[in-house]
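**Q** 3D model of this:
(one chain, ligands or ions: 1)
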Amino acid sequence: MSPVAPALRRGASGTSTPVADPDRAGILHLGLGSFHRAHQASHTAAALAGAGGDWGIIGVASRSRSIVDAMHAQDFLYSVATIDPERTSLTVPGVHTDAFVGAEQPERVVAHIADSGIRIVTLTVTENGYSYSASTQRLDLDDPTVRADLTGAPPKSTIGQLARGLQARASAGGDPIAIVSCDNLSANGAHTEKLVRAFLHALPRGEGDDTLAFLDRSVSFPSSMVDRIVPSTTPELRDRVSTLLGARDEIPVPAEPFTMWAIEDRFAGGRPAWEAGGAVFTSEVGRYEQMKVRLLNGTHSLIAYLGALRGVGTIPEAIRLDDIADAALTVLRNEYEPSIEMPNGVDIREYEAQLFDRWGNSALGHRTSQVGTDGSVKLRQRIPEPALRALREGEMPHLIALTVAGYLACLAPLAGFDPGPHAAAMTDAARERLSELPATSRSGGDLAARVITGLQLFGDELAEQDAFVARVGELIDMIRRRGVGAAIADAVAASRIPMKEMQP
Ligand code: CS2
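**A** Prediction:
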């Protein structure tokens, strides 16, 4: 790319015409990360191109300035690079009308939610962003940010911002609005509503009562299942995109060709024609969520931890290893499949075959460390229910146990075991807590018990499953003493899969 290439701006050659009218935003989005920019923004671009409407998006980054500054410098344009092994194709969504940092301007978040022009708030704030306490299964009222938000300070937590914004909207006339979580949480709509209501109930002197009544009347929280693999961007991609585009784009987003969005059609204030971009409006979002969070995400975690322990940096490299592919197929067939009901019209074999193609997309370069990051919150969504179902049936979920063993071998390695650089690159809110445990754990069993039973990292029910805890411990010891290959072989052999069913 020549250094004199012009910056990506409105009207620059090679860019499509932006479709959103800069003065008419209808959506406020919290969490201006890559996933939103590749997924919801692309669907919104398709909806605006197909059916129009005042549905421009104001993007709010929670803390980071860099993406906001770059969006401003590029007239809110950036490209989505759809990457498959044969080719890379570019689109420029052009749906954002503004961007700012929520932590710097919390009052502005509140004001936008109160503004009747905004009829939808969407969220991609990660599993960590909901101020949810897994131990009390409630809004985390001990969290200092939530506590400060409850006192009336400009709100910094997502739930505080939503609740204070809705409170201001109720006083300003109370136009209907939908709040749509697009995070990988089960029943994400109901979950978000429960937390916002808990915040309003926790306000002193019945201050939240009018807003609670407004919620009953005019606010909907549709659940949604989102799916598109979006790796982190790289300097190499920036150069490639800029060459293809003929303009310098500092913030391109790489994404796979596959994309899926299943949403409950409960939009109190109207919505864009997202079906134009392939979204499915359905009453079966719960089934889509379970299918995705278990089959895709649960297996993804297994591939990431095993891959990192085998020393490979990317998911496609990991899934090309025969034993990791066997482990992935075994966990799908034996442990996740029996725990879900597929949505009508989705064929499970086709869906699984697609998963293997998607994981194997080598041009994406999706990192094992990216998928392995934040396992403490991700695994809690992915593994407890299918594991408990198997245990209730008297079966040991060996490959789910291996997922947990792989996670702990990466994040809390016992003395003398080096999980390698890809494990070291995984970040996790629980890393510090976990890293203290190996020094005083005599064995894998000890470590597993302290994490699963002691810390209840995967919830209180799994904490009581002694046989599961013991199996995780055994696999940790096996990884440490005989290597990850031996542990994979042991778990796959122990699983009761009829071999003839093993073809993807
Ligand atoms: C992945 C997901 O990082 C992870 O844990 O499993 O981000 C996955 O790529 C997306 O959910 C795909 O939609």
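
**Q** so Gly365 touches Pro231, yeah?
**A** Yes - assessed by C-beta atoms under 8 Å, Gly365 is found in contact with Pro231 at 5.9 Å. For glycine as for every other residue, the C-beta is placed from the backbone atoms N, C-alpha and C.

**Q** the more surrounded of these two?
**A** The residue with more neighbours, out of Gly365 and Pro231, is Pro231; 22 against 19, by other C-beta atoms under 10 Å.

**Q** distance of that one relative to the ligand?
**A** Pro231 sits 8 Å away from the ligand, going by C-beta to the nearest ligand atom, to the nearest Å.

**Q** show me the common contact partners of Gly365 and Pro231, please.
**A** Pro254 (C-beta atoms under 8 Å, 6 or more residues apart in numbering).

**Q** so what does the nearest residue to Thr124 once chain neighbours are set aside have for phi and psi?
**A** In this structure, Thr124 finds its nearest non-sequential neighbour in Gly31, 3.9 Å apart by C-beta to C-beta, 6 or more residues apart in numbering. Backbone torsions for Gly31, taken as degrees, to the nearest 10, come to phi 110, psi 70.

**Q** give the contact list for Gly31.
**A** Val60, Ala61, Ser62, Leu123, Thr124, Val125, Thr126, Gly129.

**Q** okay, the residue lying closest to the last one once chain neighbours are set aside: pLDDT?
**A** Taking C-beta to C-beta, 6+ apart, and ignoring the residues beside it in sequence, Gly129 has Thr158 as its nearest neighbour in space, at 5.1 Å. Per-residue confidence (pLDDT) for Thr158: 98.

**Q** any idea how far Thr158 is from Ser376?
**A** The gap separating Thr158 from Ser376 is 19 Å, by C-beta to C-beta, to the nearest Å.

**Q** pLDDT value on whichever residue of the stretch 301-450 of the chain sits closest to the ligand, please?
**A** Nearest residue of the stretch 301-450 of the chain to the ligand (C-beta to the nearest ligand atom) works out as Val371 at 4.1 Å. We have a pLDDT of 98 for Val371.

**Q** which stretch of helix or strand covers it?
**A** Here Val371, judged by DSSP states H and E, is contained in helix 368-372.

**Q** and the residue in the stretch 51-200 of the chain positioned nearest to the ligand, its phi and psi?
**A** The nearest approach of the stretch 51-200 of the chain to the ligand comes at Asn184, 5.3 Å away (C-beta to the nearest ligand atom). Here is the backbone geometry of Asn184 (degrees, to the nearest 10): phi -80, psi 70.

**Q** what parts of this structure come near the ligand?
**A** Asn184, Asp227, Arg228, Ile229, Asn297, His300, Gln370, Val371, Lys378 (C-beta under 6 Å from any ligand atom).

**Q** so which of those residues wins on neighbours?
**A** Val371 (26 neighbours).

**Q** for that residue, which non-adjacent residue is spatially closest?
**A** In space, and not counting its chain neighbours, Val371 is closest to Ala304: 3.7 Å by C-beta to C-beta, 6+ apart.

**Q** so what would you say the end-to-end distance of stretch 357-371 is?
**A** End-to-end distance of stretch 357-371 (C-alpha to C-alpha, to the nearest Å): 17 Å.

**Q** and it, which residues are buried?
**A** 358-362, 364-371 (16 or more other C-beta atoms under 10 Å).

**Q** now do stretch 474-491
**A** So for stretch 474-491, counting by 16+ other C-beta under 10 Å, buried means 474-480, 484-485, 487-491.

**Q** quick one, domains of the protein?
**A** Here the domain parsing of the chain from automatic domain parsing is 25-281, 285-502.

**Q** of those, which is nearest Leu8?
**A** Proximity to Leu8 (C-beta to C-beta) singles out domain 25-281 among these, at 4.3 Å.

**Q** for the helix or strand in which Thr97 is found, which strands pair with it and how are they oriented?
**A** If you go by DSSP H and E, Thr97 is part of strand 96-101. In the sheet, strand 96-101 lines up against strand 56-61 (parallel) (DSSP bridges).

**Q** chain center to the next helix or strand along the chain from the strand it pairs with, what's the gap?
**A** Next helix or strand after strand 56-61 toward the C-terminus (DSSP H and E): helix 66-73. Mean-position distance between helix 66-73 and its chain equals 23 Å (C-alpha atoms, centre = their mean, to the nearest Å).

**Q** what about stretch 213-229, how long is it end to end?
**A** Start-to-end span of stretch 213-229 (C-alpha to C-alpha) is 39 Å.
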